[in-house]
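Novice: coords please:
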Amino acid sequence: MLKKFIPQKPGSTQSAEDETRSGENPAPLQTIPTKTETHKNPVMADIQTKNLLAKDVEIKGSIKFVNEFTFDGKIEGEISSGDGILTVGENGDVRGEVKAKSVIVMGKVQGNITVAERCELRSRSALIGDLHASRLIIEEGATFVGKSEVTPNKNALKELGVKEKSQEVHAPR
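Specialist: Numbers count the residues shown, from 1 in each chain. Alright, predicted model coming up:
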């Protein structure tokens, strides 16, 4: 059996059931306006897409990431991502292969870099290794020792009005 809840005055001990049995009319219910707060927090909004490893981190192995990753420590191994953006910080020291969608180097990289889109070598950065990218930006003061292969995508070539080579021509040795 469900009991009806009727608010009581302080000090009153008689229940609502007892009051209705005794024939007395219970006190009318009062409605108190309440403020309802609605928080519009999408479930996925709090998930961070940027990852950071600080300068006191040392890793021997490989790192795989998805979105944005800033590495400011030391690593001996590979850093890879299908379509992520890697930033090697000013204190970053990478000894190994780097593969990502886009790379910004502010520290040191000893190894080859392969990027799908763009690679930036900022001033005071050092790259000792080969580079393969669609776009390459080298700021004044950057050190680059190695070979670079810059292959713009087909759309960029069309915009510039440059015809694509059908075959590569090799010079005799």
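Novice: can you pull out the helices in the chain?
Specialist: For the chain, applying DSSP state H gives helices covering 16-22, 154-160.
Novice: can you list the weak-confidence ranges in the chain?
Specialist: Residues of the chain meeting the criterion pLDDT under 70: 1-48, 154-173.
Novice: The residue lying closest to residue 72 once chain neighbours are set aside - how many residues pack around it?
Specialist: Leaving out its chain neighbours, the residue that sits closest to residue 72 by CB to CB, 6 or more residues apart in numbering is residue 89, at 3.3 Å. In this view, the C-beta of every residue, glycine as well, is placed from N, C-alpha and C. By the measure other CB atoms under 10 Å, the count of residues near residue 89 is 18.
Novice: give me the beta-bridge partners of the nearest residue to residue 136 once chain neighbours are set aside?
Specialist: Spatial nearest neighbour of residue 136, chain neighbours left out: residue 150 (5.0 Å); criterion: CB to CB, 6+ apart. On the basis of DSSP bridges, residue 150 takes part in beta bridges with residue 133.
Novice: Thought residue 133 was touching residue 150, still the case?
Specialist: Yes - using CB atoms under 8 Å, residue 150 is in contact with residue 133, at 5.8 Å.
Novice: the more surrounded of those two?
Specialist: Taking other CB under 10 Å, residue 150 and residue 133 do not tie; residue 133 has more neighbours (21 against 11).
Novice: is it true that that one touches residue 121?
Specialist: No - using CB under 8 Å, residue 133 is not in contact with residue 121; the gap is 10.4 Å.
Novice: Next, the nearest residue to residue 124 once chain neighbours are set aside: phi, psi?
Specialist: Distances taken as CB to CB, 6+ apart place residue 141 nearest to residue 124, at 5.6 Å, with adjacent residues excluded. Phi and psi for residue 141, reported as degrees, to the nearest 10, are phi 100, psi -10.
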